[in-house]
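Q: generate a structure from the sequence data that follows.
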Amino acid sequence: MKIFEVRGIRDFNGQEWIEQKFYPKKTLKDENRELLRNFMKNVSLVKHTKFSKYAILLNLGLILPTIAAETSVLESASETGAAVQTANVPIQMTQEELHAQSMSAFEAVRTGDLSKLPQLEMMLADPRLNTVARTALENLPNRAGLNSLRKGLDAMDESCVAGTIGSLGTMRDMESLERILDFAACDCHSELIRGSACLALGKLGVPDAVEMLQSLIRDTDLAIARAAADGIFTAAKETSDSAKAAEWFRSVRLAEIDVPTTRIAAQNEVLVTGDESLFQNLLKSSDDADFRGAQIILARTDSSKLLRLAVQSLPNLAPERQIKVLATLGISGKTELTEPLLELLEHSSVSRPALLQALGSLKDSRAFSALLAAFSSDDETIRQAAISAASNLSADDISEKLRDRLISPNTPKTERLAILEVVRKKKLTSLWNEVKHVMTEDSDPEVIALSMNVYARLVDSTPGTIAEFATVFASQGRYPKAVFESAMEIICKKSDKKSETIDVLEKVYAEKPAELVRWIGTVGGKKAAEVLGGYAEKYANDSSETGLAVLDEVTRSLGEWVSPDAAPTLARLIVILPESKFRTRAIRGYLRILRQMGMTPLEKRQMISNAYVFTEGRPEDRARFEEIVPHFNQQFPERKLFNGKDFDGWEMIADVFKIEDGAIVAGNFETGVDRNQFLTTKETFGDFYLRVECKIIDAPNNEKKDGNAGIQFRSVRIPNNHEMIGYQADMTSNGGYWGHLYDESRRNRMLQVPDRELLQKIWKPNNWNRYEIICHGKNVRLFLNGVETVNFTEENAEIPLEGLIGLQIHSGGPACSYYRNIFISTAATSDSRW
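A: Predicted structure coming up:
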């Protein structure tokens, strides 16, 4: 019996060898295809160490038989007609088996277990496991996986071969150089394999590799030429020999593969050599893409010559290009450009605003005098550019100069206004006394208005400052009402001592209740909302001008409140206010909070429950309040997933779950569980809002304190296995993983984690914690005790968007996890939290 090696055909399917997947750009002639089929029917398949080195010359349509030296007959295809499994052919696996293989690979890396190398070698041939296997082999200590990776070059699937080539390139495996050269050179291989080989050669970077790549940049197949160019780029960027790098970039540029590739080569060549002529060609090219290439060079280069050349070229560029070049020069941070740019200020053909902005971006104090001079420009565009540029300079460099010019009687109005703008933009609090001086001494209304605004932003908003502002300045006729009120609003909003500020305001405005409630509303916060509610109750039935003004201000302010703090007050006002526009505002404000504010649906349900308390025993008021309820219930209809009595609607595969006091209890305090177990819903869910109260507690004798559990969602059970695959809201007895989103048995890593300090503030150790999970499309959000800890958007299109909900107890030391009050809503909603 003759035994043959076959080159060029990778996929085996029964008795038919198919070329399309391996080499999609070429197809066998019909007669050659039939010849191959007949050939396969009349020979036995063999296992051979060089099985992927074949001897079919596709371009000639010839089959060259060769006797293989080291072979063993596995099975006769002509006798059985069945597919033959070898180390280089993927086998059928269940999802459970795939998962087990992946876990085994990770374990090999973690422990450095080299006994798993044969298993990893088999995984290399399976496109479903190739990436996992390569990752494991790449990360084994002491490069122990290299020899196994080399064997992966004999896989039958082109994607597996291409991936393995990439891994060998990443590991800089010089022993594989000859084979990688062969993969790159021979057009009997697919574009995928040849392209991967080109990139690997670039990583190897040795002369033979680069020589091959330089020959391939003129390949008639454009995809291969581009891949070869990418390989050269990689080699050039990694070499420490700048002369070689320049030569390699130049070879790609001169090959003229295509315009984008040539342009990238030119950019890199200029960055290595500082070639002024080549840079000028890009800078002055009529092609905008070439010009952008010049900008990239300017942003990356350290060449003083190129930077100065760009400055010198500015007068000859179109205005829109001047602006772009100046912006690029500015962000370069090269202060050596300050002097040449200052010289250009006298050049009328260069955009003056862009030039000033560039000087500001360099953050060089030497430019300040020029910027200060531009403050007095009659051209508002130039003046604003100078203000913006000066705001970029260091406060230490400009504060004293600004101080002198601000209070000098000889400073022109336009300059003083510009200085005030800079002080405001940079929040130069050290100048607040000078700003106050201008505010109290200057006679120009525009200067007074701006200085008062700046003063309000700079001054420390203490209760004393607010009292002074509200009494001294309010009584002076030099300050227009609108100007004063705008500044007063700024100061009140800034106050971080809200309670003390409210006390001061109540003293200052004791005789002016309408003004008082306005400023209290501006202060904001929970106490302010409560105090406003008190004034509304006081004037609820007062029809005087003062009473109506107070109610108008209170309901307007609470109706536009920026936090949920106003909700209880609004609920109370809905009850106590008579039918009027004020009550209507209260209802609308409350509805606005229900619909828009940053609260979970559960918190909104609690708001409604609180409102019912206010109306207890008052049928008429209860009827009024119930106007709100149907709208909310329509948005958030929910049902119990757990009835508190039995496991109706749930299923388990191990008897580790029980019900105690209306709660599901998983695990035990005696021995713990030997492997992860899950209690799952029978029903699947896609988009939903789920709320669960849960906790996990270690047994007293569990010294490790390793209690671990979680809530699975959009998950599936692995067939005939205890594990689940899918998202998990994690929880641990030590608090470390609460509020985390984990990908169980799939990516096996945290997908998003909350801030640790935040977590410690909201987690309740050994107590009931409330998890809320919202899934909408690809978005997943977790809330722990009402605080959002995860807002994750899935980018992998293959991850399912529906599945089971499961309650877990993790293997480990003795511990119990507890779950109760499990509710779910699957209704679509326009609420901002979805």
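
Q: for the rest of this, base every contact and every neighbour count on C-alpha atoms.
A: Fine.

Q: confirm that Arg781 sits in a strand.
A: Yes. Arg781 sits within a strand when classified using DSSP: H, G, I helix; E, B strand; the rest coil.

Q: count of neighbours near it?
A: 21 (other Cα atoms under 10 Å).

Q: likewise for Ser240?
A: Applying other Cα under 10 Å, we find 10 residues neighbouring Ser240.

Q: repeat for Arg250
A: 17.

Q: what's the answer for Glu703, then?
A: Neighbours of Glu703 using other Cα under 10 Å come to 10.

Q: got it, and Pro340?
A: When neighbours are counted by other Cα under 10 Å, Pro340 comes out with 12.

Q: surely Leu149 and Thr135 touch.
A: No. The criterion here is Cα atoms under 8 Å, and Leu149 misses it with Thr135 at 10.2 Å.

Q: more neighbours, the two?
A: Neighbours per residue (other Cα under 10 Å) separate Leu149 from Thr135, with Leu149 holding more: 26 against 15.

Q: that one falls within a helix, correct?
A: Yes. The assignment for Leu149 by three-state DSSP puts it in a helix.

Q: skipping its backbone neighbours, what lies nearest it in space?
A: Closest residue in space to Leu149, ignoring its immediate chain neighbours: Thr164 at 6.4 Å, by Cα to Cα, 6 or more residues apart in numbering.

Q: next one: phi and psi at the one you found?
A: The phi/psi pair for Thr164 (degrees, to the nearest 10) reads phi -60, psi -40.

Q: so for it, what's the pLDDT?
A: With respect to pLDDT, Thr164 has a value of 96.

Q: with the one 5 residues further on instead?
A: Predicted confidence (pLDDT) at Gly169: the value is 96.

Q: going forward can the numbers begin at 22, since that is how I track them
A: In the new numbering, first residue 22, that becomes Gly190.

Q: who's in contact with the helix or strand where it lies?
A: In this assignment (DSSP states H and E), Gly190 forms part of helix 179-191. With contact meaning Cα atoms under 8 Å, 6 or more residues apart in numbering, helix 179-191 is reached by 31, 42-43, 145-148, 151-152, 155, 159, 167, 170-171, 173-176, 197, 201, 211, 213-215, 217-218, 220-225.

Q: now it: buried residues?
A: By 16 or more other Cα atoms under 10 Å, the buried positions in helix 179-191 come out as 179-191.

Q: next helix or strand past it?
A: helix 198-206.

Q: buried sites along that following helix?
A: Neighbour-count burial for helix 198-206 flags 198, 201-202, 204-206 (criterion: 16+ other Cα under 10 Å).

Q: go on, stretch 574-594?
A: Those would be 574-582, 584-594, for stretch 574-594 by 16+ other Cα under 10 Å.

Q: tell me where the protein is predicted with low confidence.
A: For the chain, applying pLDDT under 70 flags the ranges 22-114, 116, 495-498, 615-639, 641-642, 645-646, 648-649, 652-653, 656-657, 848-855.

Q: same thing but at 80, please
A: Residue ranges of the chain with pLDDT under 80: 22-131, 493-499, 596, 612-613, 615-658, 807-808, 848-855.

Q: show me the domain layout of it.
A: Domain assignment for the chain by automatic domain parsing gives 32-101, 197-294, 414-656, 660-846.

Q: highest mean neighbour count out of those?
A: domain 197-294 (a mean of 21; mean count of other Cα atoms under 10 Å).

Q: distance between the helix or strand hosting Met144 and the chain's centre?
A: Assigned by DSSP H and E, Met144 belongs to helix 138-145. Taking Cα atoms, centre = their mean, to the nearest Å, one finds the center of helix 138-145 at 35 Å from the center of the full chain.

Q: OK, contacts around the closest residue to Met473 other than its chain neighbours?
A: Counting by Cα to Cα, 6+ apart, the nearest residue to Met473 once its immediate chain neighbours are dropped is Met460, at 5.8 Å. Counting by Cα under 8 Å, 6+ apart, Met460 touches 468-470, 472-473.

Q: which of those residues fall in helices?
A: 468-470, 472-473 (DSSP state H).

Q: could you dump the residues you listed to a markdown table with distance to Glu259?
A: Output for the ones in helices among the contacts of Met460, formatted as a markdown table (distance: Cα to Cα, whole Å):
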| residue | distance to Glu259 |
| --- | --- |
| Val468 | 59 |
| Ile469 | 61 |
| Ala470 | 60 |
| Ser472 | 57 |
| Met473 | 58 |
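
Q: of these, closest to Met673?
A: Nearest to Met673 among those: Met473, at 69.7 Å, using Cα to Cα.

Q: so that closest one versus Lys514, what's the distance?
A: With distances taken as Cα to Cα, to the nearest Å, Met473 is found 15 Å from Lys514.

Q: next one: Phe494
A: Per Cα to Cα, Phe494 is found 18 Å from Lys514.

Q: so where do the helices sit in the stretch 422-571 of the chain?
A: Remark: helices assigned in the stretch 422-571 of the chain by DSSP state H, counting those that start in this stretch are 434-447, 453-462, 466-479, 484-489, 502-515, 519-529, 534-544, 547-559, 566-580.

Q: tell me what the fourth one is packed against?
A: Pointing back at helix 484-489 there. Counting contacts by 3 or more Cα pairs under 8 Å, 6 or more residues apart in numbering; DSSP states H and E, helix 484-489 is packed against helix 502-515, helix 519-529.

Q: please redo it, this time with the cut-off set to 7 Å
A: Counting contacts by 3 or more Cα pairs under 7 Å, 6 or more residues apart in numbering; DSSP states H and E, helix 484-489 packs against helix 519-529.

Q: and the helix it packs on, what does it pack onto?
A: If you count contacts as 3+ Cα pairs under 7 Å, 6+ apart, helix 519-529 packs onto helix 484-489, helix 534-544.

Q: mind checking these for the one nearest to Pro281?
A: helix 534-544 (56.8 Å).

Q: closest one to Glu117 among the domains of the chain?
A: Of the domains of the chain, nearest to Glu117 by Cα to Cα is domain 660-846, at 5.8 Å.

Q: between the two ends of the closest one, how far is it?
A: Its first and final residues considered, domain 660-846 spans 7 Å by Cα to Cα.

Q: distance between that domain and the chain's centre?
A: Put simply, domain 660-846 sits 24 Å off its chain's centre (Cα atoms, centre = their mean).

Q: ok, Leu805 touching Ile794?
A: No. With contacts defined as Cα atoms under 7 Å, Leu805 does not count as touching Ile794, sitting 9.0 Å away.

Q: give the residues shared as contacts by these two.
A: By Cα atoms under 7 Å, 6 or more residues apart in numbering, Leu805 and Ile794 have no common neighbours.

Q: quick revisit: what's the closest of the helices of the stretch 422-571 of the chain to Gly665?
A: helix 547-559 (36.8 Å).

Q: and that closest one, what does it pack onto?
A: Partner elements for helix 547-559 (3+ Cα pairs under 7 Å, 6+ apart): helix 534-544, helix 566-580, helix 588-597.

Q: show me where the stretch 572-721 of the chain has helices.
A: Using DSSP H, counting those that start in this stretch, helices in the stretch 572-721 of the chain cover 588-597, 602-617, 622-635, 640-646, 650-656.

Q: next, the angle helix 588-597 makes with the second one.
A: Spelled out, it's helix 602-617. Angle of helix 602-617 versus helix 588-597, following axes from the mean of the first three to the mean of the last three Cα atoms, to 10 degrees, is 140 degrees.

Q: okay then, goodbye and thanks.
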